[in-house]
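In: quick one: sequence plus predicted model below, questions after.
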Amino acid sequence: MNLFQQQQHAFAQRHIGPNEQETQQMLQTIGAPSLDALIDQTVPSGIRLKEELEVTQPMSEAQYLQTIQHISEKNKVFRSFIGQGYYNTFVPSVILRNVFENPGWYTQYTPYQAEIAQGRLESLLNFQTMVSDLTALPIANASLLDEGTAAAEAMAMLFNHKNKDHDHITAPRFFADENLFKQTLDVLHTRATPLGIEIVTGNFQTASLDESYFGAIVQYPDSQGSINDYRTFIQAAHAVQAKVIMATDLLALTLLTPPGELGADVAVGSAQRLGVPMGFGGPHAAFFSTLDEFKRNIPGRIIGVSIDAENKRCLRMALQTREQHIRREKATSNICTAQALLANMAAMYAVYHGADGLKNIAKRVNLLTSTLAKELTHAGFNVEHNHFFDTICVQVNDANALRTLSEQQQMNFHYVENRVTISLDETTTQSDILDILHVFARLNGSDSAQAHFEDDALLHHIPGALTRTSPFLTHPVFRDHRSESEMMRYIKQLENKDLSLNTSMISLGSCTMKLNAATQMMPVSWGAWNGIHPFAPANQWQGYQFIIEQLENWLSAITGFTATSLQPNSGAQGEYAGLLTIRAYHADRSNQHRNIILIPISAHGTNPASAVMAGFKVVVTKCDAAGNIDVEDLRAHAEKYKDTLAGLMVTYPSTHGVFEESIREICSIIHDHGGLVYMDGANMNAQVGLTSPGNIGADVCHLNLHKTFSIPHGGGGPGMGPICVNEKLAPYLPGHFGIANATGKSISPVSAAPFGSASILLISYAYIQLLGSTGLKQSTMYAILNANYMKARLEKEFPILYSGKHNRCAHEFIVDLRPFKQSAGIEAEDVAKRLMDYNFHAPTLSFPVPGTIMIEPTESEDKGELDRFCDALLSIRKEIRDIEEGKSDTSNNVLKNAPHTQAVVCSSDWNRPYTREEAAFPLEYVKNNKFWPSVSRVNNTAGDRNLICTCEPVSAYAE
């Protein structure tokens, strides 16, 4: 390879951790003569690709940035007045630079290990408090995927609340007001159909609900901008024991009577306009708040307050017993992650502006909207509603002529037949109003327009009966950070409490916490990508069109499939969408009775939850003693259900970290009995370039772009879960009104926006383009190398569960810690907490096997970091041995007391039977770069017994 070719391939050397010398040392430890030989020993020859993967040639980082800049110029960023749930906003620079563009925030994982996640937990608690305050409902979660999904989750929650016996549904109907956002209504229909919910659409003012209804949803303000008083409707619904969801706007609620005070049971919506770019549809944080009676049914994550081992206040994710990996097919939602990074941005926006700042923004928007309405009325146009916040609905004789005139001025409105709605936002100026009026003047044949701008605080178009009087954001956190210095330090203070990839490796099995390279991330901040509305005309997003088409083709090639949909905006959403295509396939062949999905006992917990959501019945199959799918048990179940079998959900390599030799036979068994095979893409990082789902025999898979294809985890989101399908299922991929891509057989949308969280697709596009075909394959090989190297170093001291035919693991492996409970009273959680003292986040804890840890190092970690982690675990093994041999106390020891905070270690009151150095600096490397957990071990039980999910009074923080 000459110097110029080396430059073209340079990114692979930046992305992959071990260098050539380290590679040889690692292979020697493993006992493999070469990397190719290791792969041959690991991946069954029968499923290997016969030809090299061909997607694209690699690019240098400099060349890529030039290329993506050129592609971005194909986009046209017009001034957007489309609204419908998506609005321009100013992202405060202090938040953009210190949160959105900061790997200390965007490379964190979901905060399962609370002791090293107190920063983002506090920020997410701020988000919940903001949502709870603004909606006047007592409990909120820490975000959902988008407004449409949040509405669907609310509908499903109320359906299950009313109809506890799904075999005897007494109230199947759900009312949806006709002025709901269209994308929300479409997602509701998608969710309703498999569950047997009948959606009735109409006008809330004339609706007549009876006992057959379990719930209803209204928009506040509605899609035409009208502010309606829903009190009478809500009372009527409650009279027949139906609950009411209100889809609403957080900025509007600074001025409007909140849903809780109107009697609503649930409030949902998007926090996008609070400092998060439109991004052609996402990612954005949806919100969900409700009454206390639903606290154990609310979907997604809830952050709660607890105490630590020193009896001090701390935060944690509450009510984990609701989660899918525990409840499996009994789970009422498959939500596994959310939009934590974007929720943190919205929370920081509220912290920075405070109640007065938000209210002033809302007032400016409303005053400009009032001016626009007044002047258009004076010009002879009919503005339909007298009560509005930021959106007006105007009747026009020739919408096409108006569209032409507005687009000539690089402005977009929203058109519905002979009506146009115009939505203003934080970024709208008086000059914009004059430009809009000038377009309407030209529609009337005039060439001049003028406006008289009011600057008083009288909001004439907010009805008195719906004017907010209750306070909000009263906690000091929303008052104390007005200057940029204060805000910058607050963000940094929280960041310092959290361990992220800029501290050390995060070896979570099944989570693939690999490098998120800066070059991949940079374009997401560019206005040419993040300033486009998801419903903008197609000729304005040709740059996105280019990226989307190329990425779809690349992912189809990588998976060995025919077609790809980029719409699902999380892995669990991808599971759901993939299963819906299987459902549609069978229905299209009049095989609606095929409703059985086989799922191995080892599957990820979202699999059975997704299957139930898609209208299937779950039948669980066995694994053998080696952790593989029990083929004969599977065969017996396929034969038993041959007339009703819809398909199989399988993860490959298995959740146990092994390439199962029988996978092709497994797929054939399902096909021979009339079913289709859904492959969970969670472990795709061990397949790319070596094999593929299509090559193995699957029909559909989802991909976690936030795992294999390098989108960062963001502390619990965003993610993307596109689905790839073969020619059988291609006609059934999700459609969307925003892009008119439906085939006639397409399933309805699973996400609010046509391409889900479109702006972060750029990250995976960059990942593939920078690595090229050879780099992608090389990354997979090094993921397998790194895992097998760690396994080889650890297996002399720890039992390793499950391995392949040649004693090799795939890209991850399971360390069995159960024997130490018997020998030393040490549990897996003790090891997880002790790893924090060694500067490491624990691997995946007690999944898929209780009492174990699952380690996935990814290809991005060099030998030095792998060795530090192995040294830490081997040191912990010695600490356990000291307990086994009676050298350390069985209850008062470094593991049971872990993690050790700086406050505890530096306290003058040290009475533990080991030294401070043993507690805090157990190995030499820790002294060079110590990461301190900010709280001692969290008491989970106390937090669930006394559930507090909003910021408490200041007195609660007192020592």
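Out: That came in fine, so what should we check first? Numbers count the residues shown, from 1 in each chain.
In: ramachandran angles for D308?
Out: Note on D308: its backbone torsions stand at phi -100, psi -170 [degrees, to the nearest 10].
In: surely it meets S934?
Out: No. Using CB atoms under 8 Å, D308 is not in contact with S934; the gap is 9.5 Å. (C-beta placed from N, C-alpha, C; glycine too.)
In: run through the residues that contact the residue lying closest to A207 once chain neighbours are set aside.
Out: Leaving aside its chain neighbours, A207 sits nearest to F175 (5.6 Å; criterion: CB to CB, 6 or more residues apart in numbering). Shown in contact with F175 (CB atoms under 8 Å, 6 or more residues apart in numbering): 199-202, 204, 207, 209, 213, 215-217, 237, 242.
In: out of those, which is nearest to D292?
Out: Taking CB to CB as the measure, D292 sits nearest to G215 out of the contacts of F175, at 17.8 Å.
In: now do the SS call for the closest one.
Out: Taking DSSP: H, G, I helix; E, B strand; the rest coil as the rule, one finds G215 in the strand state.
In: and it, what is it in contact with?
Out: So G215 contacts 155, 158-159, 162, 174-175, 237, 242-245, 265 (CB under 8 Å, 6+ apart).
In: go again using 10 Å as the cut-off
Out: 154-159, 161-162, 171, 173-176, 197, 209, 237, 241-245, 265-266 (CB atoms under 10 Å, 6 or more residues apart in numbering).
In: where's D390 relative to L372, distance?
Out: 10 Å (CB to CB, to the nearest Å).
In: can you say which of the contacts of G215 are buried?
Out: 154-159, 161-162, 171, 173-176, 197, 209, 237, 242-245, 265-266 (16 or more other CB atoms under 10 Å).
In: D292 and I669, how far apart?
Out: 48 Å.
In: neighbour count: these two, which is higher?
Out: Neighbours per residue (other CB atoms under 10 Å) separate D292 from I669, with I669 holding more: 23 against 11.
In: show the pLDDT at V77.
Out: What the model reports as pLDDT for V77 is 98.
In: quick one: it and L402, what's the gap?
Out: V77 is 20 Å from L402, by CB to CB.
In: now K791
Out: For K791, the distance to L402 - CB to CB - is 66 Å.
In: what does P463 give?
Out: According to CB to CB, P463 and L402 sit 29 Å apart.
In: could you do L424 as well?
Out: Going from L424 to L402 by CB to CB gives 17 Å.
In: in this structure, where is pLDDT below threshold?
Out: For the chain, the stretches flagged by pLDDT under 70 are 320-332, 457, 741-742, 953-959.
In: hang on, the earlier thing: more crowded one of P463 and L402?
Out: Neighbour count, other CB under 10 Å: between P463 and L402, L402 has more, with 19 against 16.
In: quick one, strands of the stretch 251-400 of the chain?
Out: 266-270, 286-290, 303-308, 313-317, 382-383, 391-395 (DSSP state E, counting those that start in this stretch).
In: name the helices or strands packed onto the shortest one?
Out: Just to be clear, that refers to strand 382-383. Judged by 3 or more CB pairs under 10 Å, 6 or more residues apart in numbering; DSSP states H and E, strand 382-383 is in contact with helix 340-378, strand 391-395.
In: related to what we said a few turns ago, now render the strands of the stretch 251-400 of the chain as CSV, adding distance to G804.
Out: Listed next are the strands of the stretch 251-400 of the chain as CSV, based on distance: least, CB to CB, whole Å:
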stretch, distance to G804
strand 266-270, 45
strand 286-290, 41
strand 303-308, 40
strand 313-317, 34
strand 382-383, 69
strand 391-395, 59
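In: ok, which of the ones you listed comes nearest T606?
Out: For T606, the closest of the strands of the stretch 251-400 of the chain is strand 313-317, at 16.3 Å, according to CB to CB.
In: so what strands line up beside that closest one?
Out: When pairing is defined by DSSP bridges, strand 313-317 lines up against strand 303-308 (antiparallel).
In: cool, thanks, talk later.
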